[in-house]
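Engineer: Give me the fold of what follows.
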Amino acid sequence: MRSDIVKKGHNRAPHRSLLRATGLKDEDFNKPFIGVANSYIEIIPGHFFLDKVSAIIKDEIKKSGCVPFEFNTIGVDDGIAMGHDGMLFSLPSREIIANSIETVMNAHKLDAMIAIPNCDKIVPGMIMGALRVNVPTVFVSGGPMAKGYTKDGEPIDLATAFEAVGKFEAGEITEEELTDIECNACPSGGSCSGMFTANSMNTLMEAMGIALPGNGTILALTKEREELYRKAARRICEIALMKQEESCLYNIKEVLNENAIRNAFAVDMAMGGSSNTVLHMLAIAKEADVEFNLSDINAISKRVSHIAKISPSLTTVHMQDIDKAGGVSAVMHEMDKRGEILFDNLTVTGESLKERIANAKIVDSNIIHTIDNPYSKVGGLAILYGNLAEQGAVIKTAGITGERVFTGTAVCFDSQEASIKGIINGKVKAGDVVVIRYEGPRGGPGMQEMLAPTSLIMGMGLGDSVALITDGRFSGATRGASIGHVSPEAAEGGMIGLLKDGDEIHIDVDKYILQVNISDEEVAKRRANFKPLVKPLTSKWLKQYRALVTNASSGAILYAE
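Structural biologist: This is a model prediction of the structure:
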């Protein structure tokens, strides 16, 4: 066992002495040591109950003949950090989480790991850290939140609450109605109930084979979810004990390989996942030593049908509805009818992906459409290119509410805060393209999510007539013609930094075009006098991050030789 290096031999007597202080007995030193990587934190609705989840998992690990050692990562709630400078710390937290997993697992030479993520950057951060350690790993998330209801019985969620602010600003709803939404949009613990970033990533872990079936859709705080926790705990022990006896094929890089990455993107397209999945999956691919580029995504999108539409794209459908309709396995089984699941790959449960989904079926075709009746014949995400995004930009096509071809006039803001003030004060009109720049990985720094401005646009009734582009990123709850991850970003001299109010911007989603219609001579003239804005920082961590981070087309990973 890997842990033998800290527990076997006479020269490890001091190490065993320290371990005995934690409660270990003689018989424990012959058992596999399992890291229980928890992301329990009280301020995040998807995480405040994970201390109880880890207790369940540790109990099952002990019953299964292994020794659990729980440790924690940090977490940031993007909804609470949204719309102020707290969001600068959200994406950087992914790197801290990855580093903490790598640190604890390798410092103590633990044999295997079960990871308990749920929300936002915590899922990809834990996956990235696990790939660096490369031991058998099973992921089991806390689970999605139930959808909420207004007093009139209308289904709502966090996106409803953000958009309600815009409706209130526009005078479309009363303060009483706003309060009703506020009090009921998030009714329980769990990751926010739609196909936002957290549930997108929890779903993709099923497609990658590193989590058990149901991981993305079984509601948090239910008996069914508790059984999933116990199954995951038993399975990591089965793998660890198997490895103790013989060679084992379940190190995470043997499961999460190139085939798994491509399957994840295919399922992402079929279910219209958050645009943030692109950022995180690119980073995960690099940690997995997989050659996968932003340009590969459109090729997958062209051959995958969009068959499951979930809030915020279809506001009445939430993760619990997908679960009742057959779950992610049913989506993959339907995709496989036309070969849209690209590869038959090993999963942590021992069977191949196609074996796992062989008996799955759609229970409600109004929720999960058949392959012959898709919402769209192409996937729910697209990568746009042009002189405004030479290295690419991302749009969640599943969330578009207006036209897929749009030409409009630029209204430029050098920060998210400035854009919020401008939108509320009426600076943005129908036919405009809102440009929010200096919010990229380096420029922000930290690549803020733009849920506040996009929600204001939707709430003020401009969703079908206004587009938005940014070198920042969007919440999974964003909908509308919202284009993010523009690369190169303004802070590194990208074209988005050269734009002026009144410039004509052309967007064609189906032709993958993002273009500003100005001459090469005008571009050269502007560039000659261009000096990127550098925002002042007091945070030492954000200064370190800005110095090391790459742009969004590389997954915003930190540069390291």
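
Engineer: and for stretch 537-553, what are the contacting residues?
Structural biologist: Stretch 537-553 has contacts (C-beta atoms under 8 Å, 6 or more residues apart in numbering) with 88-89, 92, 95, 279, 282, 294, 391-392, 394, 440-442, 445-447, 471, 473, 484-489, 492, 556-560. The way it works is simple: take the backbone N, C-alpha and C, and place the C-beta from them, glycine included.

Engineer: Buried ones from those residues, can you make that a ChimeraX selection?
Structural biologist: Here is the ChimeraX command that selects only those of these that count as buried (16 or more other C-beta atoms under 10 Å):
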select :88,89,92,95,279,282,294,391,392,394,440,441,442,445,446,447,471,473,484,485,486,487,488,489,492,556,557,558
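
Engineer: could I have stretch 170-187 exported to PDB, CA atoms only?
Structural biologist: Extracted C-alpha coordinates of stretch 170-187, given in PDB (Å, rounded to 0.1, in the frame of the first residue of the first chain):
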ATOM      1  CA  ALA A 170     -38.200  48.200 -14.000                       C
ATOM      2  CA  GLY A 171     -41.400  48.500 -11.900                       C
ATOM      3  CA  GLU A 172     -42.800  45.100 -13.100                       C
ATOM      4  CA  ILE A 173     -43.100  43.500  -9.700                       C
ATOM      5  CA  THR A 174     -43.900  44.900  -6.200                       C
ATOM      6  CA  GLU A 175     -41.600  44.800  -3.200                       C
ATOM      7  CA  GLU A 176     -44.000  42.100  -1.700                       C
ATOM      8  CA  GLU A 177     -43.500  39.900  -4.800                       C
ATOM      9  CA  LEU A 178     -39.800  40.400  -4.600                       C
ATOM     10  CA  THR A 179     -39.800  39.300  -1.000                       C
ATOM     11  CA  ASP A 180     -41.900  36.300  -1.800                       C
ATOM     12  CA  ILE A 181     -39.300  35.200  -4.400                       C
ATOM     13  CA  GLU A 182     -36.500  35.900  -2.000                       C
ATOM     14  CA  CYS A 183     -37.900  33.800   0.700                       C
ATOM     15  CA  ASN A 184     -38.900  30.800  -1.500                       C
ATOM     16  CA  ALA A 185     -36.300  30.600  -4.300                       C
ATOM     17  CA  CYS A 186     -33.900  28.400  -2.300                       C
ATOM     18  CA  PRO A 187     -36.000  26.200  -0.100                       C
END
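
Engineer: Now it: buried residues?
Structural biologist: Buried residues in stretch 170-187, counted by 16+ other C-beta under 10 Å: Ile173, Glu177, Asp180, Ile181, Asn184, Ala185, Cys186, Pro187.

Engineer: Please apply the same query to stretch 501-508.
Structural biologist: Within stretch 501-508, the residues scored as buried using 16+ other C-beta under 10 Å are Asp503, Ile505, His506, Ile507, Asp508.

Engineer: Closest to Val67 out of those residues?
Structural biologist: Ile507 (55.4 Å; C-beta to C-beta).

Engineer: so what's that closest one closest to, chain neighbours aside?
Structural biologist: Phe406 (4.5 Å; C-beta to C-beta, 6 or more residues apart in numbering).

Engineer: which SSE is the one you found in?
Structural biologist: Take DSSP states H and E as the rule and Phe406 turns out to sit in strand 405-413.

Engineer: list the helices and strands that strand packs on?
Structural biologist: For strand 405-413, the packing partners by 3 or more C-beta pairs under 8 Å, 6 or more residues apart in numbering; DSSP states H and E come out as helix 416-424, strand 432-436, strand 504-508.

Engineer: Could you check how far the second one is from the centre of its chain?
Structural biologist: It refers to strand 432-436. Counting by C-alpha atoms, centre = their mean, to the nearest Å, strand 432-436 is centred 24 Å from the centre of its parent chain.

Engineer: So what are the sheet partners of it and their directions?
Structural biologist: Looking at strand 432-436 with DSSP bridges, its partner strands are strand 405-413 (parallel), strand 467-470 (parallel).

Engineer: Any idea how far apart the tips of stretch 40-52 sit?
Structural biologist: With C-alpha to C-alpha, to the nearest Å applied, stretch 40-52 spans 9 Å between its terminal residues.

Engineer: Mind listing what's buried along that stretch?
Structural biologist: Quick answer for stretch 40-52 (16+ other C-beta under 10 Å): Tyr40, Ile41, Ile44, Pro45, Gly46, His47, Phe49, Leu50.

Engineer: what's near enough to touch the most centrally placed residue in the chain?
Structural biologist: Residue closest to the average C-alpha location in the chain (C-alpha atoms, centre = their mean): Thr197, at 3.8 Å. By C-beta under 8 Å, 6+ apart, the residues touching Thr197 are Asp78, Cys119, Asp120, Ser274, Asn276, Thr277, His280, Ser475, Gly476.

Engineer: what's the distance between it and Ala481?
Structural biologist: For Thr197, the distance to Ala481 (C-beta to C-beta, to the nearest Å) stands at 19 Å.

Engineer: ok, now Asp28?
Structural biologist: Here Asp28 is placed at a distance of 58 Å from Ala481 (C-beta to C-beta).

Engineer: quick one: which of the two has more around it?
Structural biologist: Ala481 (29 against 17; other C-beta atoms under 10 Å).

Engineer: isn't the more buried one right up against Gly408?
Structural biologist: No. Applying C-beta atoms under 8 Å as the test, Ala481 and Gly408 come out as separate, 9.4 Å apart.

Engineer: which residues are in contact with both of those two?
Structural biologist: By C-beta under 8 Å, 6+ apart, Ala481 and Gly408 have these common neighbours: Val466, Ala467.
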